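[1] here are the coordinates; sequence isn't available:
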């Protein structure tokens, strides 16, 4: 086998079936080998960034490691945004880039020049901070050893992306017939006994406990066991955005998603708890706000995570921590008994859920008599398949989606950590390629849609039945709302200087179906079947995200602001006083 053929055979041996690519000279040998391999296929994208985002979606949908191949120079650098999506969200992906022949490279000449070979670029150095491992191979032995090592690293411990850079001469080298595959390496963590003892001590004194469900539960594949434990113990729980996809939202203990754009009732409940057990969430500042001292201010917070470095950041917060691979969590929780809830806490939680869960309303849409984005999300939720895959982009659109969508058997995800505009369409393509038998919806704002709009050609070329929803408010709505709060409603670069094309004409240019939606009743099941379609939902440019945290306030005091009486009812157990200056501003 040549080096290129070896790579193709390795991919087949580890269970990969697809490679996402945009071709180029430095990767042509590898793509040719993939094309000739009986167990592999390749899918061509219009931009390498899209290929990386599609690869990111694979693991989220079917637990297979997504693979890209790209050429040197711009092909490799175009992968970076998609690689960052995988790194921050702990998604294992394998990126294989072509590189110039070693005899053409700057290292061969012994000179510290910017570039020697055509399109030579030090991609390994560039992606180092956003990969678990990145390496350029320099020999047949290197390729055999490093490819196996990189793959094993990607799927071990806290998972993430890796990159292997392969010079063209190594792609053509004779490899022999032996293929090396390494197994995933278990994370070295605390013993289950030690974690059980620590959690037992934390729970022992709790009378107002709450559990925060993080994505780590689903990443570890233990979501059913944890959901069953919560139901058995009668424990209430809230969720991060990334955790929302891993359980049925009709679970009796579920109160809603928390954070800056969280459900009011869920935020109130977390902020009034006396114990918060955090399972597999990194508690980023979209959950705790920019001031973590305002997060669960009177609670004992105990965080369980596979990544020891994540736990170190809580040293200054006084949190308790346990270092555990969450695959072992069922063993721990199976022996853990929660104390009975204080009756007043149980009544309070029922009140918060009744008042706020599933009741998101767009007061801006009501005032303007325009379409409410929350009504649109709920309508889509109702008409799509019970097990549909829904992929969010970013900005205001993804906030409305996570605020109002209820998961049954659905898969719901976005690139939450990196959160780039342009993720929703290529990731939906990756999802459809991973699960051709499931309905797939790409959910975008008009701004994010334009970032990778060229992938409509990929939809058309492969005739992928993906519904592309565009929440069209003719602006960068989430930035406008920020500018309303802090920049005197000066819409520099969010509306002034920004524009959208006629998406109907764009869809027709790509040979796709198109629907313009001006009333939620127009959203019918037929739109989501029968081939790719662009569904253009017309919103007012003044449509807001509601509720939304503003700077300086805790997550349980969101805009639009509640009156003092309702705010006090939400903070029944812990006082989060409003400063006099803030109260004067509200009157």
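    Received the coordinates, thanks. In this text, all values refer to a predicted model and were calculated from it rather than measured experimentally.

[2] what's the span of stretch 204-217, first residue to last?
    Chord length of stretch 204-217, first to last residue, is 23 Å (CA to CA, to the nearest Å).

[3] show me where pLDDT drops low in this structure?
    By pLDDT under 70, the low-scoring segments of the chain are 108-109, 116, 587.

[4] distance of residue 231 from residue 197?
    Taking CB to CB, to the nearest Å as the criterion, residue 231 is separated from residue 197 by 24 Å. The C-beta positions use only the backbone N, C-alpha and C, and glycine is treated the same way.

[5] and for residue 584?
    Following CB to CB, the distance that separates residue 584 from residue 197 is 50 Å.

[6] so for these two, which sits in the more crowded spot?
    Summary of the neighbour comparison: residue 584 and residue 197, criterion other CB atoms under 10 Å, with residue 197 having more neighbours (14 against 9).

[7] in a strand, the more buried one, correct?
    No. According to DSSP: H, G, I helix; E, B strand; the rest coil, the state of residue 197 is helix, so it is not within a strand.

[8] tell me the buried residues in stretch 94-104?
    94, 95, 96, 97, 98, 99, 100, 101, 102, 104 (16 or more other CB atoms under 10 Å).

[9] which among those gets closest to residue 579?
    residue 95 (49.2 Å; CB to CB).

[10] ok, and the closest non-adjacent residue to that closest one?
    Take residue 95 and drop its neighbours on the chain: the residue closest to it by CB to CB, 6 or more residues apart in numbering is residue 163, 4.4 Å away.

[11] element containing the one you found, please.
    Element membership for residue 163, per DSSP states H and E: strand 162-167.

[12] immediately after that strand, which helix or strand?
    In the C-terminal direction, the helix or strand that comes right after strand 162-167 (DSSP H and E) is helix 168-171.

[13] and that following helix, what does it pack against?
    The helices and strands touching helix 168-171, judged by 3 or more CB pairs under 8 Å, 6 or more residues apart in numbering; DSSP states H and E, are helix 3-13, helix 28-36, strand 93-99, helix 140-154.

[14] which other residues reach it?
    Identification of contacts with helix 168-171 by CB atoms under 8 Å, 6 or more residues apart in numbering yields 2-4, 7, 26, 29-30, 98-103, 137-140, 142-143.

[15] quick check, residue 339 in contact with residue 204.
    Yes. Taking CB atoms under 8 Å as the contact criterion, residue 339 and residue 204 are neighbours in contact, 6.8 Å apart.

[16] more neighbours: these two, which one.
    When residue 339 is set against residue 204 and neighbours are counted by other CB under 10 Å, the residue ahead is residue 339, at 14 against 11.

[17] which residues touch that one?
    Residues in contact with residue 339 (CB under 8 Å, 6+ apart) are 203, 204, 205, 206, 207, 209.

[18] pretty sure residue 230 contacts residue 239?
    No. Under the criterion of CB under 8 Å, residue 230 is not in contact with residue 239, lying 11.2 Å apart.

[19] between these two, who's got more neighbours?
    Neighbours per residue (other CB under 10 Å) separate residue 230 from residue 239, with residue 239 holding more: 30 against 22.

[20] quick check: bridge partners of the more buried one?
    Beta-bridge partners for residue 239, by DSSP bridges, are residue 213, residue 257.

[21] isn't it right up against residue 254?
    Yes. Here residue 239 reaches residue 254: they are 7.1 Å apart, a contact under CB under 8 Å.

[22] what residues do the two have in common as contacts?
    With CB under 8 Å, 6+ apart, residue 239 and residue 254 have common neighbours residue 247.

[23] next, count neighbours for residue 29.
    Using other CB under 10 Å as the criterion, residue 29 is surrounded by 19 other residues.

[24] quick check: phi and psi at the residue nearest the centre of the chain.
    In the chain, the centroid-proximal residue (CA atoms, centre = their mean) is residue 415; its distance is 3.0 Å. When read as degrees, to the nearest 10, the backbone of residue 415 gives phi -90, psi 80.

[25] and the closest residue to residue 233 other than its chain neighbours, how far from residue 324?
    Nearest residue to residue 233 in three dimensions, chain neighbours excluded: residue 338, at 4.2 Å (CB to CB, 6+ apart). Taking CB to CB as the measure, residue 338 falls 18 Å from residue 324.

[26] over to residue 428?
    Using CB to CB, we find residue 428 at a distance of 33 Å from residue 324.

[27] next, count neighbours for the residue nearest to residue 95.
    As a measure of burial, residue 163 has 29 neighbours, counting by other CB under 10 Å.

[28] for the one 10 residues further on, same thing?
    For residue 173, the neighbour count with other CB under 10 Å is 18.

[29] that one is in contact with residue 5, isn't it?
    No. Because the distance of 10.5 Å does not satisfy CB under 8 Å, residue 173 is recorded as not touching residue 5.

[30] now residue 474, what's its secondary structure?
    coil.

[31] residues contacting it?
    If a contact means CB under 8 Å, 6+ apart, then residue 474 has 446, 495, 499, 500, 541 as its contacts.

[32] quick one: the strands in the stretch 151-300 of the chain?
    Remark: strands assigned in the stretch 151-300 of the chain by DSSP state E, counting those that start in this stretch are 162-167, 209-213, 237-239, 254-257, 275-279, 300-305.

[33] okay, residue 273 and residue 340: tell me how far apart.
    Distance from residue 273 to residue 340, counting by CB to CB: 15 Å.

[34] which of those two has more residues huddled nearby?
    Neighbours were tallied for residue 273 and for residue 340 using other CB under 10 Å; the higher tally belongs to residue 273 (27 against 10).

[35] starting at the chain centroid, how far to stretch 215-224?
    In terms of CA atoms, centre = their mean, to the nearest Å, the centre of stretch 215-224 is found 14 Å from the chain centre.

[36] can you give me the buried ones in that stretch?
    By neighbour count on 16+ other CB under 10 Å, the buried set for stretch 215-224 is 215, 216, 217, 218, 219, 220, 222, 223.
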